[in-house]
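A.B. asks: Okay, here's the prediction I keep looking at, along with the sequence it came from:
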Amino acid sequence: MRRWSGPILLCLIVGVALLSLAWTPFDIAAIDVAHRMRGASAAHPLGTDQLGRDMLSMLMTGARPSLGVAALALIIGLAGGVPLGLLAAARPGWVDELTARSTDILFAFPAILLALLVIAVLGPGATHAALAIGLFNIPVFARVTRASARSVWTRDFILAARLAGKGPGLISLEHVLPNIAGPLITQASLQLSLGVLAEAGLSFLGLGAQPPVASWGRMVADAQTLIGVAPGLALLPGLAIVVTVVAINLAGEALRDRIAPETGL
Amino acid sequence: MIPLEIEHLSVRYGETVALDDVCLSVEAGEIVALVGPSGSGKSTLAAAAMDLLPVEAIEQGVVRIEGADIRALPEKQLEALRGGRVGIVFQEPATALNPALTIGRQIGEVLELHTGLARADIAPEVDRLLAEVGLDLSARRYPHTLSGGQRQRVALAMAIAARPPLLLADEPTASLDPVAQAEIAALLQALVRGRGMGLLLVTHDLALARRIADRVVALDRGRLIEQAPIEPAATRREPHGGGETLLLMDRVTRTYPVKRGRAAALTDVSLTLARGEALAVIGASGSGKSTLARLALGLDRPDAGRILLGGQDWVTARGADLRAMRRRVQAVFQDPAASFDPRQTIARIVAEPLYLLGNLSAAERIARVVEVLGQVGLAPDAADRLPQAFSGGQRQRIAIARALILKPELILFDEALSALDPALREEIVALLLRLQAELGLTYFFIAHDMDLVRRMADRVLVLREGRAIACGPVAELFDRPSDPYLAAFLASAE
């Protein structure tokens, strides 16, 4: 049960996000101030928000920027960090030194400041948020990849591959990458859930997805002054964020157990 | 009183019988060596002597230390027994010592726990113990500042501090280089004789057992065999050689950068290897053996000197020439667990060198894999399995199969047999001799084990601190060693 709960939950959330592209119970652009802040009813199972929009539809649509931004940031991090880490591990010397030092410099800035800087330059928006978060993912993956790959490079089977005339690129792909899948999957699930949180944080500050696109972070921000009147408006998107993060972590663990059971942490 | 008596001991883990009706005693002043392949029950027997086995595992039998049945003793007295009445030395001194405490503290702790010595008398006793194990250094040193041999001496000092009547040594020399091995073995012998202790020496090193033990008992699948240790089955073939030169190393030097300047791993080493010949390179750990191996394989470049394989230089060869050179030489490594990618099947592992031949069809590949698996005595169905499914000996066969698939002229063995127990080593030696006869291979051994060198090699090169100190035919060099270091080194395995 524990093995499947994470993947099932995550599929459900992704499914809802995809469904919202085609169908939601109500149009989230339909403002109905007359019926604002209503409780649960047959028409609106989760009630309505301060502008009378259907909460269920808002939450469904809000999953899109959360998952989309985190996933895009993860892809940026993997695409940038993994090759960098593999290169550093395969070429000890100045290449390795350069990567290690430049990731150190990136790490020296607090992640959220870095994200603010990027958005200040590029302007707010979901794509720019993904870029900012993804930029911070690159050194994280470069480090994990480099550290794991270096230990693989010391093994005798690498010598055997070199004796077979294979170069560092091919060895990295054939021997190193499959053997560091475990730590990479663990890190990827961690960065994905951190990405969901970061997106929520940026949206909360109004730097993420812009209206009229719904996003969980901004729903919390918009509802915070009303928390005494209608606590559900802030609590429901907050709960959605928590459930998503937990689902990602569980799914990552299940995936790692399946693909690289020997590297269990 | 007799230090250790074991009577009709049977131990069973679930369905597996670990020990079957074993009787063994160790007298005062006697060294009993317990030998046997891995999994034969050696460790179980040693654990039984300290009552470290789960109660339900022991089916029957009695273990007595100085006449007292240890299973009848209360836990308090057992604690006094372990480390007090029974001294213990393990294989790996690096893990047996606490890195955060000085060696004096650690030896003193044993004295505090197990002897009635007054606080003021402890420090002089520690110094005396250090002298007794042949260490002339301060008790304030930390373990990491000592060499492996010195650490093992400290571990020995701890083991004998409480003047135990019985000493248990579990592979005490296995992690040391040959010179240190010889010294520790001599020290063990001297201590046992001097103090009149009994020593139960657990080892898979037959040479060591024969050299220092009064009696050698062998365990095989939990049963005690009274027979003498296994005699070598395969015999050394007639010396070959004298053909054309296959490998030539000419005044090769290799240095590595260190904190200040560069340290030389190899200095001015020259050697030749003729087609069909077998050359062994021996030396203590850190003598440059592995560097030499990497250079010969073209995996590393020398700072000075030339390395020619079949007349071509590793450094200047490019493209097709380099690939042709690579096809002529393959290697088998020490650790059969680390030499395969754990995520690839045997078929992929064994076929890896075929990359050098360019495009082969899948059918051709699998045909060659099956052929070469057959040559090393493995069934074709091994191809679909992962390396984890095989035992140490089978893995080394797989490694040999991988080395053979390109039909190379030269195969380098980097301590390839040292991780195997004696019975398996015999099998692999026989296999290598057969393959050499059938395929006319040239062998290059990097070795620790003199017995193996005597049987497999025509010539020996001895390295010390990166320099070649002797080179010549095996018989000549072993029987009339020309320098005292060499003599001590060779004596360590005789």
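C.D. replies: Alright, I've got the coordinates.

A.B. asks: Taking the stretch 51-200 of chain A, what residue is nearest to chain B?
C.D. replies: As assessed by CB to the nearest CB, chain B sits closest to residue A:156 within the stretch 51-200 of chain A, at 3.9 Å. From N, CA and C alone the C-beta is placed, and that goes for glycine too.

A.B. asks: any idea how far residue B:399 is from that residue?
C.D. replies: For residue A:156, the distance to residue B:399 (CB to CB, to the nearest Å) stands at 9 Å.

A.B. asks: what's residue A:108 in contact with, if anything?
C.D. replies: If you count contacts by CB atoms under 8 Å, 6 or more residues apart in numbering or on different chains, residue A:108 has none.

A.B. asks: Report pLDDT for the residue of the stretch 51-200 of chain A closest to chain B.
C.D. replies: Per-residue confidence at residue A:156 stands at 86 (pLDDT).

A.B. asks: can you list residues touching both of residue A:156 and residue B:399?
C.D. replies: With CB under 8 Å, 6+ apart, residue A:156 and residue B:399 have common neighbours B:333, B:339.

A.B. asks: higher neighbour count, those two?
C.D. replies: residue B:399 (29 against 19; other CB atoms under 10 Å in any protein chain shown).

A.B. asks: hang on, isn't the more buried one packed against residue B:336?
C.D. replies: Yes. With contacts defined as CB atoms under 8 Å, residue B:399 counts as touching residue B:336 at a distance of 6.1 Å.

A.B. asks: SS state for the closest residue to residue B:247 other than its chain neighbours?
C.D. replies: Leaving out its chain neighbours, the residue that sits closest to residue B:247 by CB to CB, 6 or more residues apart in numbering or on different chains is residue B:273, at 4.0 Å. Assigned with DSSP: H, G, I helix; E, B strand; the rest coil, residue B:273 falls in the strand class.

A.B. asks: Surely residue B:273 is in contact with residue B:244?
C.D. replies: No. Using CB under 8 Å, residue B:273 is not in contact with residue B:244, being 10.6 Å away.

A.B. asks: Could you list the low-confidence segments of chain B?
C.D. replies: Low-confidence segments of chain B, defined by pLDDT under 70: B:38, B:226-242, B:492-494.

A.B. asks: Mind splitting it into its structural domains?
C.D. replies: B:4-225, B:245-491 (automatic domain parsing).

A.B. asks: These into a markdown table, with extra columns for distance to residue A:190?
C.D. replies: Putting the domains of chain B into a markdown table (distance: least, CB to CB, whole Å) gives the following:
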| stretch | distance to residue A:190 |
| --- | --- |
| domain B:4-225 | 32 |
| domain B:245-491 | 23 |
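
A.B. asks: Go through those and name the closest to residue A:79.
C.D. replies: Proximity to residue A:79 (CB to CB) singles out domain B:245-491 among the domains of chain B, at 22.6 Å.

A.B. asks: Residues of the stretch 51-200 of chain A that sit close to chain B?
C.D. replies: A:155-157, A:159-166, A:174-175, A:178-179 (CB under 8 Å from any CB of the partner chain).

A.B. asks: 6 Å - rerun?
C.D. replies: Proximity of the stretch 51-200 of chain A to chain B (CB under 6 Å from any CB of the partner chain) is limited to residues A:155-157, A:162-165, A:175, A:178.

A.B. asks: now these in a markdown table, with secondary structure?
C.D. replies: Putting those into a markdown table (three-state DSSP) gives the following:
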| residue | secondary structure |
| --- | --- |
| A:155 | coil |
| A:156 | helix |
| A:157 | helix |
| A:162 | helix |
| A:163 | helix |
| A:164 | coil |
| A:165 | coil |
| A:175 | helix |
| A:178 | helix |
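
A.B. asks: Can you select the buried ones from the residues you listed in ChimeraX?
C.D. replies: Selection command for ChimeraX covering only the buried members of these, criterion 16 or more other CB atoms under 10 Å in any protein chain shown:
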select /A:155,156,157,162,163,164,165,175,178
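
A.B. asks: circling back: can you pull the contacts of the residue of the stretch 51-200 of chain A closest to chain B?
C.D. replies: B:333, B:338-339 (CB atoms under 6 Å, 6 or more residues apart in numbering or on different chains).

A.B. asks: export the residues you listed to a markdown table and tack on secondary structure?
C.D. replies: Formatted as a markdown table, these follow (three-state DSSP):
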| residue | secondary structure |
| --- | --- |
| B:333 | coil |
| B:338 | coil |
| B:339 | coil |
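
A.B. asks: so how far is chain A from the residue lying closest to residue B:142 once chain neighbours are set aside?
C.D. replies: Counting by CB to CB, 6+ apart, the nearest residue to residue B:142 once its immediate chain neighbours are dropped is residue B:102, at 5.8 Å. According to CB to the nearest CB, to the nearest Å, residue B:102 stands 32 Å off from chain A.
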